[in-house]
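K.L.:
Sequence and computational prediction follow.
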Amino acid sequence: MKIIACYSNKGGVGKTATSVNLARAYAAAGHKVLLCDLDPQGASGFYLRVKPSKKLTDARFFEDVARFTKSIRASDFEGLDVLPANMTFRDFDVFLSRMRNTRSRLKKALISAGSDYEVIILDCPPNFSTLSENIFKAADRIVVPVIPTTLSERSFDQLVGFFDANKLSKKKLTAFFSMVQQRKTLHLETMDTMRKHYRKRFLHSSIPFAADIERMGQNRAPVSEFAPRSAAGLAYQVLYDEMENGVVSKR
Amino acid sequence: MARVKNCFVIPGTFDEAGFAKSLKELTLRFEATEPAGNFDILDCHDQSLRASGKVLIQTDGSLFLLRGGGAKSQRCKGKGKLVQDLPDGPVKARLAGFPKLRALMNVGAGRAKHRSIAILGDLQKTQVRGTMMLLSSGQGQVTVVTVQHMRGYDRAYKTVCEKLTKLEGGKSKARPLFDWLFPDATIYKAKPEIRVSKQEPSIEVATDIIRTYLAVARQNEAGVIDDIDTEFLHDYRVSLRRVRSVISLFKDVFSPEQSVALRREFSGLMEPTGRVRDLDVYLLEKDSYFNLIPPNLHEGAVAMFAEFEKERSQALGRLSRRFRTQGYDNQMKKLTELFADPTNLQPGPNADRPAYENARALIWKRYRKTCKLARGITPNTPDEAVHNLRIDCKKLRYLMEFFAPLFDAEAFKTIIKPLKKLQDNLGLFNDFSVQQEALLNFVKQHTNKQGRADAQLALSVGGLISVLDQRQMAERDRVITSFKHFDSPDIRHLFRSLFHQKEG
C-alpha cells in the first residue's frame, strides 16, 4: 500500500483538484484507490458527488476501524473509492494532541482500514498542525502544488524549513507548479528560480491555470470525465505518468 | 453484506417504466446500448448444466454463466469445446465437474441485446450499476439483469434487489431460463424412465424398452455426423446394445424366427460402429498411454497415434455417410414402426407371462449362472473364463435395470453397488487385454514381408504391452476380491428374497 498526501501549507493552490484528478488517473491505470478527504470542507467528496459522512467523527476515524471502513463509498469510477469528510474533522488536531504516539496515529488507522487498497490519496487541510505532522509521517510521498508566485515561494520555503527543523525526510516532498500562466513573466521567472533552488524537489510537469479545472465544481467530476483532451486533462495525465513511471514529457 | 444474489431472470418483456417507478427516490438511467447480436445457450447433449440449475450463454466472444442468482463471465468462446480445453477463468472454474468427455454444444439460440444501467441517487451519483441482457428466441423472451453492489451504498442495492426479485415473480414462479426461452424443447436422456407394471405381459415390456432405446439411438446420429464429442457414438452403441440384450435376454418372448432375425439386424447396425469406437477409446487414453512408458520410448507411440487419428477420421467419415443414406434411415424407420405396437411382433411362448414373474425367473437364473462361473475362477483358470464372467455380469445388470421399477429401490441399490465394482474390474481387465491385442495387430500391420518392424514403433509397443499385461494381471486379482464382496452372505440373501422366495 502506498500513501500519497496532497498537501500545501497555503490555501487555494489546487490541492483538491490535484487529489481528485490524480486519484482518477491512478484508478484508470488499474490501481485500487482510496481517496481520503481529510479537509473538513469536504471538497473532494463534493467533486465526486459523495455526501459527507455523518457517522464518522475524528475519534472514530482513529479508533473505530469498522466505522471508518463503513464510511467508505464507491465513486462512479471503477477502482476509486472515497472516504468522505466530516465537519468534526476540524477537531483532528485537538484530538490528536491529546493522544500518545501522536505522530503515527494516522498511519496506523490507514493501514488497518485501508488494506483493500493499493494507493491511498490524502486530501489534506492547509496548515501546520499535529494532523500535518501525522500526514508527513504517514505518507510515502507528499505532493505539493505550488503556484509560481512570491507568496507561494515563501510558503514552500517555510515547508522545507519545517522539514529541516523537524528532521523529516525531504525526499518525500514532490512539488509541482500549479495554476501556471505561461504568459505571466513573474510565473516563468519564479519557476526558473525555484527549479534552480530546489533542484530535486520539482517535477518537470506542471498544471496550467485552466477554466476546465474550475468547471469541475459544476460538473462534479474529474477533468478527464468531461474534458479528457483539454490542456488540463492531459496535464494531469502527464503528472501521473511522471510521478508513477518517471516518464518526463518533452512538451 | 451478503452479495450472493446479483443476477435476476425476468420472464417476458421487462417493464422499464414500472421498474423505474418502483425505485421511488432513485433514478434509473440507461447507458450504452450495444448493437443486438446472437446468443447461443451452450450445454452438452444430455443438458448436464441445465439439470444442475446452470445456464451458459455465449454472445459474441463472451461466456456468461448463471447459477443460483450469481453470474460469472469470461471472454472466450465455448461452442464445440470440452470444458477442460477452455482458457482459465471464472466461468471455467465454475464449470468444474462438467462431464469430461462432453463438448459444449448449442442447445438453443436467438437474439441478444445488451444494455448498461445505472441507478442514481439524488446527486446524480451512481449507487448501483448493472447490465441488462434481453434474450429472445422464437418462442419466448427473458431479461437477465445483473447488478453490482457499490461500496457504501448498501441501501440502494438492497432496494434494487428487492424490486428485481419481485419482477422475477418470487420463488413459486421460478423456472429455469432455458424453459422460458425454449418451452417446447425435448431434453435428451440417455436412460429414459420406462414404466413397467407387475402384471404387464412380457412382450409389452420388451417392446417398450426396445422402442425407447431405438429413439435414444436415433437422437445421437446427428452428433456422430457432426463429430461433436465421442459420447454420441458411445450412447448410440449402448442404446442398441440394450435393444439387442432385450431380444436375447427376454427368452421366448418373441417367436424364435423373429428373435434370430432381429438379433441379426441389430448386430448389423452395431457392426459398422465398432472400429470408430475402438479408435475413440485409444485416442481418449492417449495421455495415459504416454504416461505408461518412459519418454525415450515416446517416438513410436507418437507415430502410432497419428495413424490412429487418421484412421479414425476415415472410419468416422464412412459411418457418417452411412448414417446419412436413405437406406439406413428407412431401416431405422421400419424398426421404429415395428416396435410402435406389441401386436406388430410375433409372440413367443413367454409373450404373455407377467413381467414380475418373468423378471424374477430371468434374474434368478442369470444370477446363479454368473455365480457358478465366478466361483470357479482361480488364479489358474484361463482368461477366457474371466471374459465370460464379464459378459454374464453385464447381462445380469441389464436384466436388473430393465426390471428395476418392479422391485424395492433400496434393495436394488445394495445389490448393484458391489456388482458395479466387480464390473468395473472386469471392464478394466478386458480393456487391458483388448488393448494388447490391438497393439500387437498394429505392429503386425506395420511389419514387412521379411518380418521386420520399425524399431521405434516396436520399442513403444513392446513397452506398452508389458505394462498393460502387468495391469491386466493385477486387475484379475481384483476381480476375484470384488466377486467375494458381491458373493457375501448378505447379498446372496437379498437375491434369494427378491427373486426366488415364494411370495407370502
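P.N.:
Structure's in. What do you need?

K.L.:
C-alpha only now, for contacts and for neighbours.
P.N.:
Noted.

K.L.:
Any idea how many residues pack against the closest residue to chain A within the stretch 101-250 of chain B?
P.N.:
With CA to the nearest CA as the measure, B:G152 is the residue of the stretch 101-250 of chain B nearest to chain A, at 4.3 Å. The number of residues packed near B:G152 is 20, by other CA atoms under 10 Å in any protein chain shown.

K.L.:
What of B:L426?
P.N.:
For B:L426, the count of nearby residues is 27 (other CA under 10 Å).

K.L.:
same question, B:G327
P.N.:
Per other CA under 10 Å, the neighbour tally for B:G327 reads 11.

K.L.:
Can you tell me the element it falls in?
P.N.:
Using DSSP states H and E, B:G327 sits within helix B:326-338.

K.L.:
ok, back up a step: name whatever forms a beta bridge with the closest residue to the residue of the stretch 101-250 of chain B closest to chain A other than its chain neighbours.
P.N.:
Leaving out its chain neighbours, the residue that sits closest to B:G152 by CA to CA, 6 or more residues apart in numbering or on different chains is A:R73, at 4.3 Å. Beta-bridge partners of A:R73, counted by DSSP bridges, are A:V82.

K.L.:
Please read off the pLDDT at the closest residue to B:K189 other than its chain neighbours from the model.
P.N.:
Sequence neighbours aside, B:D46 is the residue nearest to B:K189 in space, at 5.9 Å (criterion: CA to CA, 6+ apart). Looking at B:D46, its pLDDT reads 87.

K.L.:
Now do the contacts for B:D46.
P.N.:
Counting by CA atoms under 8 Å, 6 or more residues apart in numbering or on different chains, B:D46 touches B:I187, B:Y188, B:K189, B:A190.

K.L.:
What distance do you get for the residue of the stretch 51-200 of chain A found nearest chain B to A:F136?
P.N.:
In the stretch 51-200 of chain A, the residue that lies nearest chain B is A:R73 (4.3 Å; CA to the nearest CA). Distance, A:R73 to A:F136, by CA to CA, to the nearest Å: 25 Å.

K.L.:
Same check on B:R195?
P.N.:
Using CA to CA, one gets 81 Å for the distance from B:R195 to A:F136.

K.L.:
Over to A:F209?
P.N.:
Applying CA to CA, the value for A:F209 to A:F136 is 27 Å.

K.L.:
neighbour count winner among these two?
P.N.:
Legend: neighbour count by other CA under 10 Å for A:F209 and A:F136, higher for A:F136 (25 against 17).

K.L.:
Could I get the contacting residues of the residue of the stretch 251-400 of chain B found nearest chain A?
P.N.:
Going by CA to the nearest CA, chain A is nearest to B:D287 of the stretch 251-400 of chain B, at 40.4 Å. By CA under 8 Å, 6+ apart, no residues touch B:D287.

K.L.:
I figured the residue nearest to B:G152 hits B:M150, correct?
P.N.:
Yes: using CA atoms under 8 Å, A:R73 makes contact with B:M150 at a distance of 7.4 Å.

K.L.:
So for the two, which sits in the more crowded spot?
P.N.:
The neighbour count for A:R73 versus B:M150, taken as other CA under 10 Å, is higher for A:R73 (24 against 19).

K.L.:
wait, what's in contact with that one?
P.N.:
By CA under 8 Å, 6+ apart, the contact list for A:R73 reads A:V50, A:D81, A:V82, A:L83, A:P84, B:M150, B:R151, B:G152, B:Y153.

K.L.:
How about B:L233?
P.N.:
B:N220, B:E221, B:G223, B:V224, B:T273, B:R277.

K.L.:
Which of these fall within strands?
P.N.:
Secondary structure defined by DSSP state E assigns none of the contacts of B:L233 to strands.

K.L.:
With distance to A:G30 as extra columns, can I get those in a markdown table?
P.N.:
Supplementary listing: these in a markdown table, determined by distance: CA to CA, whole Å:
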| residue | distance to A:G30 |
| --- | --- |
| B:N220 | 48 |
| B:E221 | 50 |
| B:G223 | 45 |
| B:V224 | 47 |
| B:T273 | 55 |
| B:R277 | 51 |
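
K.L.:
Contact residues of chain A facing chain B?
P.N.:
A:R49, A:V50, A:K70, A:S71, A:I72, A:R73, A:A74, A:S75, A:D76, A:D81 (CA under 8 Å from any CA of the partner chain).

K.L.:
Count the residues that sit near the fifth one.
P.N.:
Around A:I72 there are 22 other residues, counting by other CA under 10 Å.

K.L.:
Once you drop chain neighbours, what's closest to it?
P.N.:
Spatial nearest neighbour of A:I72, excluding adjacent residues (CA to CA, 6+ apart): A:L83 at 4.6 Å.

K.L.:
which residues touch that neighbour?
P.N.:
A:L34, A:L35, A:C36, A:D37, A:G45, A:S71, A:I72, A:R73.

K.L.:
Relative to chain B, how far out is the fifth one?
P.N.:
It refers to A:G45. Applying CA to the nearest CA, to the nearest Å, the value for A:G45 to chain B is 11 Å.

K.L.:
doesn't A:L80 make contact with that residue?
P.N.:
No: using CA under 8 Å, A:G45 makes no contact with A:L80, being 11.9 Å away.

K.L.:
The helix holding B:G327 - what's its average pLDDT?
P.N.:
Mean predicted confidence for helix B:326-338 is 97.

K.L.:
okay, the contacts of A:R73 in JSON lines with pLDDT next?
P.N.:
Below are the contacts of A:R73 laid out as JSON lines (pLDDT from 0 to 100):
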{"residue": "A:V50", "pLDDT": "90"}
{"residue": "A:D81", "pLDDT": "94"}
{"residue": "A:V82", "pLDDT": "92"}
{"residue": "A:L83", "pLDDT": "88"}
{"residue": "A:P84", "pLDDT": "86"}
{"residue": "B:M150", "pLDDT": "92"}
{"residue": "B:R151", "pLDDT": "90"}
{"residue": "B:G152", "pLDDT": "88"}
{"residue": "B:Y153", "pLDDT": "91"}
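
K.L.:
Most widely separated two among these?
P.N.:
With CA to CA as the measure, no two of these lie farther apart than A:P84 and B:M150, at 14.9 Å.

K.L.:
what are the ranges of the helices in chain A?
P.N.:
For chain A, the helices defined by DSSP state H occupy A:15-28, A:43-47, A:58-63, A:65-70, A:92-97, A:105-113, A:130-138, A:150-165, A:185-197, A:211-214, A:216-219, A:223-226, A:231-245.

K.L.:
same question, the stretch 201-350 of chain B
P.N.:
B:202-219, B:221-226, B:231-249, B:256-270, B:274-284, B:286-292, B:298-324, B:326-338 (DSSP state H, counting those that start in this stretch).

K.L.:
Any idea how far apart the tips of stretch B:70-82 sit?
P.N.:
By CA to CA, the extent of stretch B:70-82 from end to end equals 23 Å.

K.L.:
Around chain A, pick out the residues from chain B.
P.N.:
Proximity of chain B to chain A, by CA under 8 Å from any CA, involves residues B:L123, B:Q124, B:K125, B:T126, B:M150, B:R151, B:G152, B:Y153.
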